[in-house]
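Asker: Quick check, what structure comes out for this input:
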Amino acid sequence: MSTPEKFREYAADCLQKATDAETPNEKNIHLNMALAWVRLAHQSDAIGTLVDTAREASGSMESEPSENARSR
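Answerer: Here you go, the predicted model:
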């Protein structure tokens, strides 16, 4: 399971706890925690996409001769 998926599971757990909360304050705390986990999952997805893109770009750059090497 990927890290973003784990974060989403944590968010789901917080939502369940919010449903079971006995006080409005407790419910609010769990809802805010769920929101934080969802945001973290989105950020983790975005970082993963950036890393993948950078790796792909780096790999394609290594397979192509540099500008200096082509001009020799």
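Asker: where does this structure dip in pLDDT?
Answerer: The model of the chain has pLDDT under 70 over residues 61-72.
Asker: which SS state does residue 58 fall under?
Answerer: In the three-state summary, residue 58 is assigned as helix, counting by DSSP: H, G, I helix; E, B strand; the rest coil.
Asker: okay, now it: neighbour count?
Answerer: As a burial measure, residue 58 scores 10 neighbours (other C-beta atoms under 10 Å). Bear in mind the C-beta positions are built from the backbone N, C-alpha and C, glycine included.
Asker: before we move on, what about residue 48?
Answerer: As a measure of burial, residue 48 has 13 neighbours, counting by other C-beta under 10 Å.
Asker: Residue 8 versus that one, what's the distance?
Answerer: 14 Å (C-beta to C-beta, to the nearest Å).
Asker: Verify the stated contact: residue 45 with residue 7.
Answerer: No: taking contacts as C-beta atoms under 8 Å, residue 45 lies outside contact range of residue 7: 9.3 Å.
Asker: More neighbours: which of the two?
Answerer: Neighbour comparison, residue 45 and residue 7: the larger count goes to residue 7, with 20 against 16 (by other C-beta under 10 Å).
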